[in-house]
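Asker: predicted structure and sequence below. I'll ask about it afterward.
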Amino acid sequence: MDKIKSYFVFNSSQRNGILFLLLLVSGFAVINNYIDFTTENLLDTNSKEVVAVQKELDSIRTLLIESNQPKIHPFNPNFITDFKGYKLGMSSEEIDRLLDYRKQNKWINSKEDFKKVTKVSDSFLDQISSYFKFPDWISNPKPKYSDWRKGFKEKTFDQKIDLNSATQLELKKVNGIGEALSKRIIDYRDKLGGFTNDIQLYEVYGLDYQLTDKVRNDFTVKTPKEIIKMNLNKISASDIATVPGISFELAKRIWEFRILNERIVDFIELKKIEGLTERKLQGIQLYLKLE
């Protein structure tokens, strides 16, 4: 008992310390009861200024999200692959319908054709059809010329003059062929080293289709220049560009098309290339072969 009692015996210094502690605790209790320590929210989130800033931040966030989305570039829907179709958002069934259609060597020439073949929804078609890019000969077909041959009798091969020996004076006898055009024909013949086929006349600058047909009614190639043909499946874009009438840009597109398809089996496949007209396609077959 005396041992327990000894715990409650304090000297003067200890009693002062206990008194100070009691006063300190009492003081904190009084301050906590009578003084409000809650902080006031100085920013009014509903103010016009804050709302305007929030809208601007939301717009920036939306732009950032859109900029990170894959961009769609113009494309020919005839060449949609499984991966391309997946990225566009097509279902596997829609992609398969398109690929099966193309395996039959049939072509999509309009957005209506695309919908009919793939059976995509109208909303999806509206979303991607603006990116469809068809060859120029499909999108902008050349107007048909009137038949100038009415009233004319087609000359036989023997009646025609050899285009490789024709003079400027003889060419000028064709209605519509004057000094300038007859000279261009001769100059182009010299540049080629001689015509190989009548269709090369269509590459003469300023000689439209009707005039060319008129020339061909009186002239034809009887002594064709021999051409050593290049294998299209092996040559470079620079080699293709050596073909008369084929620019380097068009040659590059032809080369890229061959690389994409691994090899060309039939020249008719090249009709899908933008800028390669029917006449140019006929012309390059004089210089190229497929092996």
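Answerer: Done, it's in.
Asker: so where do the strands sit in this protein?
Answerer: Assigned by DSSP state E, the chain shows strands spanning 161-162, 219-220, 230-231, 288-289.
Asker: show me the contacts for Phe219.
Answerer: Applying Cβ atoms under 8 Å, 6 or more residues apart in numbering, we find Phe219 in contact with Lys160, Ile161, Asp162, Leu163, Ala166, Glu170, Leu171, Asp198. Glycine gets a C-beta too; all of them are placed from N, C-alpha and C.
Asker: partner residues bridging it?
Answerer: With DSSP bridges as the criterion, Phe219 is bridged to Ile161.
Asker: Asp100 and Glu94: what is the separation?
Answerer: Counting by Cβ to Cβ, to the nearest Å, the gap from Asp100 to Glu94 is 11 Å.
Asker: who has more neighbours, these two?
Answerer: Between Asp100 and Glu94, counted using other Cβ atoms under 10 Å, the more crowded position is Glu94 (20 against 11).
Asker: nearest spatial neighbour of the more buried one, chain-adjacent residues omitted?
Answerer: The spatially closest residue to Glu94, leaving aside those adjacent along the chain, is Thr118, at 4.4 Å (Cβ to Cβ, 6 or more residues apart in numbering).
Asker: domain assignment for this structure?
Answerer: 2-31, 77-139, 161-220, 230-289 (automatic domain parsing).
Asker: for the contacts of Phe219, which one is nearest Leu88?
Answerer: Asp198 (44.6 Å; Cβ to Cβ).
Asker: so who does the closest one touch?
Answerer: By Cβ under 8 Å, 6+ apart, Asp198 lies in contact with Leu163, Arg216, Phe219, Thr220, Val221.
Asker: do Leu286 as well
Answerer: Thr196, Asn197, Ile199, Gln200, Ile227, Lys229.
Asker: who wins for neighbours among those residues?
Answerer: Busiest of the contacts of Leu286 [other Cβ under 10 Å] is Gln200, holding 24 neighbours.
Asker: isn't that residue right up against Gly193?
Answerer: No. Counting by Cβ atoms under 8 Å, Gln200 sits too far from Gly193 to count as a contact (11.3 Å).
Asker: so where's the stretch 51-200 of the chain uncertain?
Answerer: For the stretch 51-200 of the chain, applying pLDDT under 70 flags the ranges 53, 60-72, 105, 135-152.
Asker: that one: helices as residue ranges?
Answerer: Ranges of helices within the stretch 51-200 of the chain are 82-88, 92-103, 111-118, 122-128, 136-139, 168-171, 179-192, based on DSSP state H, counting those that start in this stretch.
Asker: return the most buried member of the ones you listed.
Answerer: Among these, the stretch with the highest mean neighbour count (mean count of other Cβ atoms under 10 Å) is helix 111-118, at a mean of 17.
Asker: neighbouring contacts of that helix?
Answerer: Residues outside helix 111-118 that contact it (Cβ under 8 Å, 6+ apart): 77, 90, 94-95, 97-98, 101, 107-108, 120, 122, 125, 129, 132.
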